[in-house]
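# with the sequence up front, the predicted model follows.
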Number of protein chains: 2
Amino acid sequence: MTSPGINALKAALPAKAWTQDADMIAPHLVEWREKYFGTTPILLMPSSTADVATAVKICADHGLSIVPQGGNTGLVGGQTPQGEVLLSLKRMTKIREVNPVADAITVEAGATLQTVQDAATAANRKFPLTLSSEGSCTVGGVLSTNAGGNHVLKYGTTKDLVFGVEAVLADGQIFNGLTSLHKNNTGYDLSRLFLGAEGTLGIITAATLKLFAQPGHVTRVMMAVASVTDAVALLTQLRGPALAMFEVMPRIGFAAVTDNFETDRDPFTAVHPWYVLADFEVDNAEAGEALVMPLLEKAMASGLVRDAVLAQSDTQFRALGAIREHMSAGQKFLGGSIKQDITVPIDRIADFFTRANATVQRIVPGCRPVGFGHFGDGNIHYNIAQPASANLAANRDAFLAHWDDISEAIFDIVDSLGGSISAEHGIGIMKRETLAKRADPVKMALLRRVKAAMDPDGIMNPRVMV
Amino acid sequence: MTSPGINALKAALPAKAWTQDADMIAPHLVEWREKYFGTTPILLMPSSTADVATAVKICADHGLSIVPQGGNTGLVGGQTPQGEVLLSLKRMTKIREVNPVADAITVEAGATLQTVQDAATAANRKFPLTLSSEGSCTVGGVLSTNAGGNHVLKYGTTKDLVFGVEAVLADGQIFNGLTSLHKNNTGYDLSRLFLGAEGTLGIITAATLKLFAQPGHVTRVMMAVASVTDAVALLTQLRGPALAMFEVMPRIGFAAVTDNFETDRDPFTAVHPWYVLADFEVDNAEAGEALVMPLLEKAMASGLVRDAVLAQSDTQFRALGAIREHMSAGQKFLGGSIKQDITVPIDRIADFFTRANATVQRIVPGCRPVGFGHFGDGNIHYNIAQPASANLAANRDAFLAHWDDISEAIFDIVDSLGGSISAEHGIGIMKRETLAKRADPVKMALLRRVKAAMDPDGIMNPRVMV
């Protein structure tokens, strides 16, 4: 566990900025689902960009590879070292500047998303990215994975919320792309290269993010519809500047939540095939009703919406949202689940369901697709639950053994529809081979050329993505 | 004028796809201001991506450099060849697909911006980029220069309006990044690299662009304010989801228009130091008044707004807009003008004016700054008119001789405020040396590394940007 490079790191960095204590390192080597397990000779915890630069320079000089880590909430194994130096940004948590006039906030990479949201709110502004892991995921992580979430249809993905980044390059130099400029035409968009790069081009140490006006009120409505086709048709009718969220759930997933969680009640009296949860950001409750009620009346008159509930209180607002939040948890009551995070063009969502449902039935007759999620941006969490049986546990492993063949069959459909095999979770280790196999060879060659240009010795998160 | 490479191009391309006729080539070698003049051995006019690829491959094989050209409306000399092969996209004008459900339009690079706007409107959607040259500038050009315009504060710059591009690489391969996916986390954002790259990394042949809801109504208001500081304070009060334009004009520029153009009348009875023109995109006229009137009343009560006119008819709407549109034309009545296209962070706009006005007065006492433009995104067209005199023409050249020293002084201020020396016009030939001198060396080295990775032989628009 010692080498000249490791010794040089220990000598150059402050005592608090590194550890080889196995107990301290342990939580960084496994992620919460316990799917990926890692090893590392040393955990670095620099507290400044200068220290990150020092560490990377030493690693580069000694041929040591580095895996950067934020809140360790990634879902594709990208943050777990296999013998590389592990560099955690967790001590770089400063909010460097909140600038409500320029509508910008500059934060260090280790700050949690929640911290950024709170700092924006304190300045009466809004940072719109919201994820279920927001209390623990970090700015560096969400930028490096281009995290998505529920508000993409209004505010874009993480990439679209960034003015610029500060990053330590593979040779230890510091690239300073921090800016609050809305217009700047002086060369290629270098900051953008680091967004979604999963730490393979350098280590993001800070970023200037975009802030927005706080909406005065959010009007939330849950609607029951007959089919995926109707859900997409409804989307095109509701879409406009105010629509900030459009989430869809099938009956099976919805019922798994409302049947099993005591606090989650079905707000409708009848059973419906599909449910849509939509948020509209408006000035106040009256404006929200004035906007939404005519839309709802039209959709109900045409038969597109079978029933609807408009949240009339904070309690009801949260109750409707909780059903959507509990979709993943609810699936556990359906047994084992093969999970996909895919996107298709919005006008192909219905095609996708028709083909995917038929395909998975052919592979495992009786399996139960639970495709839900962010239809407003085309992102479907197409999870497939094992067939119903009296003893789910007994049949679980046999079903999960189909993970790869079901995934490949789904990816074939996604590819043929012009979709993406990774909507918001990234490539990491999990989908690296799949990407290499399925991506356009011209694209793959370009990815590798950019990687080689930015990290010629291949020391930045070397087993990930490209 | 013949070489093996040129002969190979002539042999491989359809007869309509090239010319060496001097009269046909001539209009492509000079831009409308007659500032840059070029030469070329051959003008290529391919009508398909395959033909562009063929042409680039031949050029690469023979070591010929290429300058791509769109509508020839660029302002920094980036589209004018100096002996390179000139490749015009003007015959690639197809609208390949309008997809209102996915909110996407796929168009070829030679389509004009106006064509795209019209195709979007025909599908009851909106493509929000608007520029004064929209009738002649092309998609490939606006993407390659990341053109800005008046609606950046709501919709972002051109970069933000692109899902992905198709481009021919420097070796003649075709990169297909066309997609309407809102979420796609499968590698670096390669399409983004071509945006604002001014043709130095490859030739954009098509793009999928984002569409938006058509606003039901645009409420336009012109407001008189006392100072730049007040204009910025007003911006922060008006800013919100509906604010789509916030343009500012000083009295001297405003009066140059209203005093000299018969159709442009000053809508106010009193003289004011500064004017703000703001657009709000709303559902209908009533909603616009309901939104804007309370904001105006508050701003007038606090003294921030001295007077205001809300457009009550289409005629008045156009009349208020025309004053802003005529700002450049109006400046001709003030004599010679030294022009700057810069950005500063929005909270530094007032600082910029204080320092820049003092600086230019020191260099040329009596000169008359006319700083106007897109304060909503920090972009100032800081033009300086020559000192007033009975015979402007006689003193014009002596004043314009200060172009470089005034520019350098302005750039010093811009740099010290964290601004940009090119907001929306790009680098081209005009600012290449300035960029190389002023940019962070780490950034310049990265730009060159990316250029070398994508175009190792340096044949793509070789005298431009990097």
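Yes, it's here. Numbers count the residues shown, from 1 in each chain, chains lettered A, B, ... in the order given.
# all strands for the stretch 251-400 of chain A, in order.
A:274-282, A:307-310, A:337-338, A:341-343, A:368-374, A:379-385 (DSSP state E, counting those that start in this stretch).
# whether the last one contacts chain B - can you check?
Yep, that's strand A:379-385 we're talking about. Yes. Using C-beta under 8 Å from any C-beta of the partner chain, strand A:379-385 reaches chain B at A:Asn379. All C-beta spots, glycine's among them, are computed from the backbone N, C-alpha and C.
# let me know the angle separating that strand from strand A:368-374.
Going by axes from the mean of the first three to the mean of the last three C-alpha atoms, to 10 degrees, strand A:379-385 is angled at 160 degrees with respect to strand A:368-374.
# got a list of what the residue sitting nearest the centre point of chain A touches?
Nearest residue to the geometric centre of chain A (C-alpha atoms, centre = their mean): A:Ala147, 3.3 Å. Applying C-beta atoms under 8 Å, 6 or more residues apart in numbering or on different chains, we find A:Ala147 in contact with A:129, A:131, A:137, A:141, A:157-158, A:424.
# pLDDT and neighbour count for those residues - can I get that in TSV?
Output for these, formatted as TSV (pLDDT from 0 to 100; neighbours: other C-beta atoms under 10 Å in any protein chain shown):
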residue	pLDDT	neighbour count
A:Leu129	95	27
A:Leu131	88	19
A:Cys137	96	22
A:Gly141	96	29
A:Thr157	92	25
A:Thr158	95	27
A:Glu424	86	26
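# so which of those also contact chain B?
Among those, chain B is touched by A:157, A:424 when using C-beta under 8 Å from any C-beta.
# kindly indicate which of the contacts of A:Ala147 lies nearest A:Arg324.
A:Leu131 (13.3 Å; C-beta to C-beta).
# what's the spacing between that closest one and chain B?
Distance, A:Leu131 to chain B, by C-beta to the nearest C-beta, to the nearest Å: 13 Å.
# ok, that residue - contacts?
Applying C-beta under 8 Å, 6+ apart, the residues near A:Leu131 are A:113, A:137, A:142, A:147-149.
# swap in A:Gly371?
Contacts of A:Gly371 (C-beta under 8 Å, 6+ apart): A:250, A:353, A:356, A:380-383.
# and what of A:Tyr188?
B:193, B:196-197, B:201, B:447, B:450-451.
# where exactly do the strands run in the stretch 51-200 of chain A?
A:66-69, A:85-88, A:95-99, A:104-108, A:125-126, A:162-169, A:174-176.
# list the neighbouring strands of the last one plus their orientation.
Note on strand A:174-176: by DSSP bridges, its sheet partners are strand A:162-169 (antiparallel).
# can you name the residues in contact with the strand it pairs with?
Counting by C-beta under 8 Å, 6+ apart, A:49, A:52-53, A:56, A:104, A:143, A:174-182, A:191-192, A:194-195, A:201-210, A:454, B:442, B:446 sit against strand A:162-169.
# how many neighbours does A:Arg438 have?
16 (other C-beta atoms under 10 Å in any protein chain shown).
# wait, it touches A:Asp415, no?
Yes. Applying C-beta atoms under 8 Å, one finds A:Arg438 in contact with A:Asp415, separated by 6.1 Å.
# give me the common contacts of those two.
Shared contacts of A:Arg438 and A:Asp415, counting by C-beta under 8 Å, 6+ apart, come down to A:Ile421.
# so how many other residues sit close to the residue of the stretch 201-350 of chain A found nearest chain B?
Nearest to chain B in the stretch 201-350 of chain A, going by C-beta to the nearest C-beta, is A:Asp347, at a distance of 3.7 Å. With neighbours defined by other C-beta under 10 Å, the count for A:Asp347 comes to 18.
# can you name the residues that contact the residue lying closest to it once chain neighbours are set aside?
Distance criterion C-beta to C-beta, 6 or more residues apart in numbering or on different chains; nearest residue to A:Asp347, sequence neighbours excluded, is B:Val101 at 3.7 Å. The neighbours of B:Val101, taking C-beta under 8 Å, 6+ apart as the test, are A:232, A:236, A:346-347.
# now the end-to-end length of stretch A:162-179.
9 Å (C-alpha to C-alpha, to the nearest Å).
# what distance separates it from the centre of its chain?
Chain-centre distance of stretch A:162-179: 22 Å, with C-alpha atoms, centre = their mean, to the nearest Å.
# briefly note if stretch A:193-203 comes near chain B.
Yes. Applying C-beta under 8 Å from any C-beta, one finds stretch A:193-203 in contact with chain B at A:193, A:195-197, A:201.
# first-to-last residue distance for that stretch?
12 Å.
# between the contacts of B:Val101, which is nearest A:Val257?
For the contacts of B:Val101, the nearest to A:Val257 is A:Val232 (22.6 Å; C-beta to C-beta).
# outside of the helix or strand that contains A:Ile6, which residues touch it?
Assessed by DSSP states H and E, A:Ile6 sits inside helix A:4-12. Contact with helix A:4-12 is made by A:18, A:41-42, A:44, A:54-55, A:58-59, A:61-64, A:85, as judged by C-beta under 8 Å, 6+ apart.
# give me the phi and psi for A:Gly38.
phi -130, psi 180 (degrees, to the nearest 10).
# look up how far A:Asn72 lies from it.
10 Å (C-beta to C-beta, to the nearest Å).
# between those two, what contacts are shared?
A:His28.
# which residues of the stretch 51-200 of chain A lie near chain B?
A:99-104, A:145-146, A:148, A:152-153, A:156-157, A:159-160, A:169, A:173-177, A:179-190, A:192-193, A:195-197.
# with the stretch 301-450 of chain A instead?
Counting by C-beta under 8 Å from any C-beta, the residues of the stretch 301-450 of chain A near chain B are A:343-347, A:374, A:377-379, A:418-427, A:431, A:435, A:439-440, A:442-443, A:446-447, A:449-450.
# at 7 Å what do you get?
A:343, A:345-347, A:377-379, A:418-427, A:435, A:439-440, A:442-443, A:446-447, A:449-450 (C-beta under 7 Å from any C-beta of the partner chain).
# neighbours of A:Lys437, how many?
Quick note: A:Lys437 (other C-beta under 10 Å) scores 11 neighbours.
# which SSE is it in?
Counting by DSSP H and E, A:Lys437 is found in helix A:432-438.
# what does that helix contact?
A:411, A:415, A:421, A:427, A:444, A:464-465, B:186 (C-beta atoms under 7 Å, 6 or more residues apart in numbering or on different chains).
# need phi/psi at A:Val218.
phi -120, psi 120.
# re the thing from before, need the pLDDT of the residue nearest to A:Asp347.
pLDDT, B:Val101: 94.
# ok, A:Trp32 next?
pLDDT, A:Trp32: 80.
# show me how the record splits chain A into domains.
Here the domain assignment for chain A is A:4-88, A:95-213, A:217-329, A:335-425, based on automatic domain parsing.
# show me the shaky parts of the stretch 1-150 of chain A.
Low-confidence segments of the stretch 1-150 of chain A, defined by pLDDT under 70, span residues A:1.
# repeat that for 90
Residue ranges of the stretch 1-150 of chain A with pLDDT under 90: A:1-2, A:31-35, A:75, A:131-132, A:148-150.
# mind listing the helices for it?
For the stretch 1-150 of chain A, the helices defined by DSSP state H, counting those that start in this stretch occupy A:4-12, A:22-25, A:49-62, A:113-122, A:139-145.
# how close does A:Glu31 sit to chain B?
Applying C-beta to the nearest C-beta to A:Glu31 and chain B gives a distance of 17 Å.
# swap in A:Arg463?
15 Å.
# that residue against A:Gln82, yeah?
Yes. Applying C-beta atoms under 7 Å, one finds A:Arg463 in contact with A:Gln82, separated by 6.4 Å.
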